[in-house]
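> 3D model of this:
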Amino acid sequence: MTDLNNEFETGSESHMGHKPKASLLKRFTLFVLPLLVILGAAFGFVALGAFKPTPETKEEEGARTAPVLVASVQSRDVALKIQSQGEVRPRTEINIAMQVGGKIAYIAPSFVEGGQFKKGDILIRLETDDYDLRVTQAQANVAQAETVLTRELSEGQIARLDWEDLGEGDASPLTLREPQEAEARARLASAQALLDEAKLSQSRTVLRAPFDGRVLEQTVARGEFISPAQKLGRVYAIDIAEVKLPLTDADLSKLGIGIGFQATAANPGPAVEFSAEIAGVQQTWQGRIVRTNSGYDAATRVLYAYGAVENPYRLNSKNGAPFASGLFVNAEISGRDVNDALVIPRSALRGNDKVYVVNTDNTLTIRTVGVISSTRYEAVITSGAQIGEQVITSPVRGVAEGMKVEIADKNKPAATAVSTEN
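Sure, this is the predicted structure:
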């Protein structure tokens with residue numbers, strides 16, 4: 001028993017001696033080990049930064065210059081041009097009607113839509129039986145009135161002779177049958193007027209063309225009964241064709257004409273060239289501005305001018321096409337002459353009033369110019385550039401005031417000499 005008790009006490013003391021050692025190990029694991037990990041990570045980060053390779057440095061190249069094409073500002077006398085558009089319309093276009101009514105007996109083969117006719121050609125003829133009877137009746141009335149007048153003249157002559165043989169003093173008009181004679185003359189005049197009216201109505205049963213022209217519309221057929229003034233169709237003359245052209249105030253100043261202009265023999269008006277594409281071929285016709293309206297259009301605020309072409313259907317185009325009604329055409333009107341005007345290529349104009357000028361030190365300057373006229377090929381300016389200055393005609397990328405440019409050789413391919421403008 002004594003030995004067992006001694007062993008028990010010895011084991012108890014040994015067990016109590018290991019307990020403090022386990023507590024210290026646990027504290028080390030919870031506090032010291034994380035701190036060592038953090039310190040190790042910091043050390044590794046610093047070491048990576050210290051051993052990082054130094055990047056190579058490269059000297060920047062000088063700013064690249066943009067290659068451009070240029071043209072010189074020129075001075076010469078120019079004739080201003082004004083561009084406009086409009087539709088060709090005949091000057092004379094009317095409705096066809098007859099002054100009498102009746103049954104249509106004949107319609108000319110040319111009186112169809114698109115048909116052509118000459119002045120005086122018969123277009124429509126009515127049945128004339130009724131009108132022939134009226135003429136015959138009127139002729140009979142005239143013959144009867146002539147007989148009555150002849151009788152009154154004879155009786156008046158007899159009364160005058162009887163008074164000379166038997167009467168004394170002056171005979172009264174009634175005695176000499178002067179009132180009866182006047183009445184007979186009036187009846188004859190009335191009968192003659194009725195005869196003339198019947199013949200006039202008879203002549204109006206035939207409708208003749210009032211001018212050389214073409215048929216735009218036909219609204220009747222043979223055998224149809226019509227009334228006086230009924231619309232039978234619509235025709236137009238082919239002597240003159242006109243185009244209504246809108247003009248602005250700036251256009252009027254270039255033309256040198258004003259509101260209410262009317263062409264005369266002394267001032268025939270500005271020349272105008274009309275153009276249009278017909279069947280894939282470009283056609284041109286020559287004409288003149290013959291008049292302008294007396295006021296501005298309230299809706300569009302423009303003034304309309306009228307360009308005229310004579311004999312439009314006589315193949316006066318360069319390629320033999322008529323100046324047909326309904327054709328939509330472009331118009332180039334010749335304006336006033338400008339002496340010593342500044343001229344640049346149209347490609348040099350940027351927007352409405354900007355140009356890029358190349359200075360003597362090959363830097364770019366943006367200028368604002370005063371433009372008085374421009375076409376597809378050139379622009380006429382009044383200010384903003386001087387004679388001989390170089391203006392850029394090619395596109396430029398990233399335009400900025402003072403940027404360096406290089407004047408390219410025109411003989412080089414465009415791909416190497418011109419960059420694309422933003």
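
> what helices or strands is the helix ranked longest in the chain leaning on?
Under DSSP state H, the helix in the chain containing the largest number of residues is helix 129-166. Applying 3 or more C-beta pairs under 8 Å, 6 or more residues apart in numbering; DSSP states H and E, one finds that helix 129-166 contacts helix 178-203. In short, each C-beta sits where N, CA and C put it, glycine included.

> just to revisit the earlier point, avg pLDDT for the longest helix of the chain?
For helix 129-166, the mean per-residue pLDDT is 87.

> three-state assignment of the residue nearest to the spatial centre of the chain?
Centroid-nearest residue in the chain, with C-alpha atoms, centre = their mean: Q85, separated by 3.5 Å. Secondary structure assignment for Q85 (DSSP: H, G, I helix; E, B strand; the rest coil): strand.

> so in terms of bridging, what pairs with the nearest residue to I257 once chain neighbours are set aside?
Distances taken as C-beta to C-beta, 6 or more residues apart in numbering place T292 nearest to I257, at 6.5 Å, with adjacent residues excluded. On the basis of DSSP bridges, T292 is bridged to A305.

> same deal with I226?
Under DSSP bridges, the beta-bridge partners of I226 are G102.

> now do the strands in the stretch 201-350 of the chain.
Along the stretch 201-350 of the chain, the segments classed as strands by DSSP state E, counting those that start in this stretch run 206-208, 213-218, 225-226, 231-237, 240-247, 271-278, 281-292, 303-310, 328-345.

> now the first one: mean pLDDT?
It stands for strand 206-208. Here the average pLDDT along strand 206-208 is 95.

> the last one too?
Across strand 328-345, the average pLDDT comes to 89.

> report all helices and strands that the helix or strand following it contacts.
As assigned by DSSP states H and E, the chain's next helix or strand after strand 328-345 is strand 354-358. In this structure, strand 354-358 packs against strand 364-368, strand 390-392, with contacts taken as 3+ C-beta pairs under 8 Å, 6+ apart.

> show me which residues of strand 354-358 are buried.
Using 16 or more other C-beta atoms under 10 Å as the test for burial, strand 354-358 gives 355-358.

> what angle do strand 328-345 and it make with each other?
Angle of strand 354-358 versus strand 328-345, following axes from the mean of the first three to the mean of the last three C-alpha atoms, to 10 degrees, is 30 degrees.

> centre of the chain versus strand 354-358, how much separation?
32 Å (C-alpha atoms, centre = their mean, to the nearest Å).

> contacts for it next, please.
68, 70, 344, 348-350, 364-369, 384-385, 389-392, 396, 399, 405, 407 (C-beta atoms under 8 Å, 6 or more residues apart in numbering).

> run the last query once more with 10 Å
Strand 354-358 is contacted from outside by 68, 70, 73, 344, 348-350, 363-369, 371, 379, 381, 384-386, 389-394, 396, 399, 401, 403, 405-407, using C-beta atoms under 10 Å, 6 or more residues apart in numbering.

> return a PyMOL selection command for the buried portion of those.
Only the buried entries of these go into this PyMOL selection, using 16+ other C-beta under 10 Å:
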select buried, resi 68+70+73+344+348+349+350+364+367+369+371+379+381+384+385+389+390+391+392+393+394+396+399+403+405
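
> what about L166, neighbour count?
Residues lying near L166 (other C-beta atoms under 10 Å) number 7.

> how near is it to E273?
Noted for L166: a distance of 93 Å to E273, by C-beta to C-beta, to the nearest Å.

> so what's the residue count around T150?
By other C-beta under 10 Å, 12 other residues sit near T150.

> and it, how far is that from Q157?
Separation of T150 from Q157 (C-beta to C-beta): 11 Å.

> how about I372?
Computed as C-beta to C-beta, the I372 to Q157 distance reads 91 Å.

> which one's more surrounded, these two?
The neighbour comparison of I372 against Q157 (other C-beta under 10 Å) goes to I372, with 19 against 13.

> need the helices and strands packed on strand 354-358 in CSV with mean pLDDT and distance to A263, can you?
Output for the helices and strands packed on strand 354-358, formatted as CSV (pLDDT from 0 to 100; distance: least, C-beta to C-beta, whole Å):
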stretch, mean pLDDT, distance to A263
strand 364-368, 91, 38
strand 390-392, 91, 39
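
> want to throw the ones you listed into a markdown table with distance to D251?
Formatted as a markdown table, the helices and strands packed on strand 354-358 follow (distance: least, C-beta to C-beta, whole Å):
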| stretch | distance to D251 |
| --- | --- |
| strand 364-368 | 22 |
| strand 390-392 | 26 |
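
> and of those, who's closest to A198?
Among these, the nearest to A198 by C-beta to C-beta is strand 364-368 (80.3 Å).

> what is that closest one packed up against?
strand 354-358, strand 378-383 (3 or more C-beta pairs under 10 Å, 6 or more residues apart in numbering; DSSP states H and E).

> who wins for proximity to R204 among those?
Nearest to R204 among the helices and strands packed on strand 364-368 is strand 378-383 (60.2 Å), distances taken as C-beta to C-beta.

> can you give me how far the closest one is from the chain middle?
Averaging C-alpha positions (C-alpha atoms, centre = their mean) puts strand 378-383 25 Å from its chain's average.

> tally of neighbours for G258?
G258: 10 neighbours (other C-beta under 10 Å).

> leaving out sequence neighbours, find the closest residue to it.
Nearest to G258 is L252, by C-beta to C-beta, 6+ apart, at 6.5 Å.

> returning to that earlier point: nearest to L216, of the helices and strands packed on strand 364-368?
Ranking those by proximity to L216 (C-beta to C-beta) places strand 378-383 first, at 42.0 Å.

> show me what that closest one pairs with in its sheet, parallel or antiparallel.
In the sheet, strand 378-383 lines up against strand 328-345 (antiparallel), strand 370-374 (antiparallel) (DSSP bridges).

> pipe those strands into CSV and attach distance to Q262 per row.
Listed next are those as CSV, based on distance: least, C-beta to C-beta, whole Å:
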stretch, distance to Q262
strand 328-345, 16
strand 370-374, 25
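
> about what we covered before: close enough to count as contact, the residue nearest to the centre of the chain and I333?
No: using C-beta atoms under 10 Å, Q85 is not in contact with I333, being 11.3 Å away.
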